[in-house]
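Chemist: After the sequence you'll find the predicted model.
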Amino acid sequence: ELKVEQNPLFLSMQEGKNYTIYCNYSTTSDRLYWYRQDPGKSLESLFVLLSNGAVKQEGRLMASLDTKARLSTLHITAAVHDLSATYFCAAFQGAQKLVFGQGTRLTINP
Amino acid sequence: DAGVTQSPTHLIKTRGQQVTLRCSPKSGHDTVSWYQQALGQGPQFIFQYYEEEERQRGNFPDRFSGHQFPNYSSELNVNALLLGDSALYLCASSPSGGAWDTQYFGPGTRLTVL
């Protein structure tokens, strides 16, 4: 059974700082996703990572995948308040079943 | 493109009642998945529908059932509601042919069971 674990679960940062969210998964998965969720809202797709060594960047967010280590990271550069949200990673199990991590609640303070 | 739509937005029910939630997939998508997200947790996979059949199912009791219609829209039915069924129910759609495409999530239905 695929399990996905994120850390940290809670992260409070100052604007302008850099930080990384880690996502470990327990068994082989051929796709890794990152989603953002604002309070009371649905999930917004950020990145899909398909192969070992994949790196994708959008603005201040960069995601990477190491399939050998079963690890994905979401790096935040020079954080701004607008990035405050909960971030989820999810890996695929079977045909199209997404298994989500617990989420990382990110708060960025001025 | 309207994206994935869900109805209703909010719903309040009492224990023992039954509820039906609805989902229309994004244009061009024929596969619909349902997830339950309890407060403060990550979404959990309930089941997936493709070609009007349940293709995969998560660890949920038979009280949870679904249906997919010829136009690819889908319903989630929950019978004999329990307090623990209170959650945000998310529908996600994806195209079957595009194996590497992202699942797109709808806005969700917030179900409260009293």
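Modeler: Nice, I can see it.
Chemist: Going by C-alpha atoms from here, please, whenever you check contacts or count neighbours.
Modeler: Fine.
Chemist: got any ranges where the chain has weak pLDDT?
Modeler: Went with chain A since none was named. Counting by pLDDT under 70, chain A shows low-confidence ranges at A:95.
Chemist: nope, chain B
Modeler: Counting by pLDDT under 70, the ranges of chain B that qualify are B:1, B:97-101.
Chemist: now the strands for it?
Modeler: Applying DSSP state E to chain B gives strands spanning B:5-7, B:10-13, B:19-24, B:31-37, B:44-50, B:53-57, B:64-68, B:74-78, B:87-94, B:104-105, B:109-113.
Chemist: CA atoms only for the last one - export them in PDB, please.
Modeler: This file holds the C-alpha atoms of strand B:109-113, laid out as PDB (Å, rounded to 0.1, in the frame of the first residue of the first chain):
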ATOM      1  CA  THR B 109     -19.200  20.000  -1.800                       C
ATOM      2  CA  ARG B 110     -19.000  20.700   1.900                       C
ATOM      3  CA  LEU B 111     -21.200  18.100   3.700                       C
ATOM      4  CA  THR B 112     -22.100  18.600   7.300                       C
ATOM      5  CA  VAL B 113     -23.800  15.800   9.200                       C
END
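Chemist: And the residue lying closest to A:L71 once chain neighbours are set aside, which helix or strand is it part of?
Modeler: Taking CA to CA, 6 or more residues apart in numbering or on different chains, and ignoring the residues beside it in sequence, A:L71 has A:N24 as its nearest neighbour in space, at 4.6 Å. A:N24 is part of strand A:19-25, with elements assigned from DSSP states H and E.
Chemist: Counting by contacts, list what that strand packs against.
Modeler: Strand A:19-25 makes packing contacts with strand A:4-7, strand A:71-76 when contacts are defined by 3 or more CA pairs under 8 Å, 6 or more residues apart in numbering or on different chains; DSSP states H and E.
Chemist: Thank you kindly, that will do.
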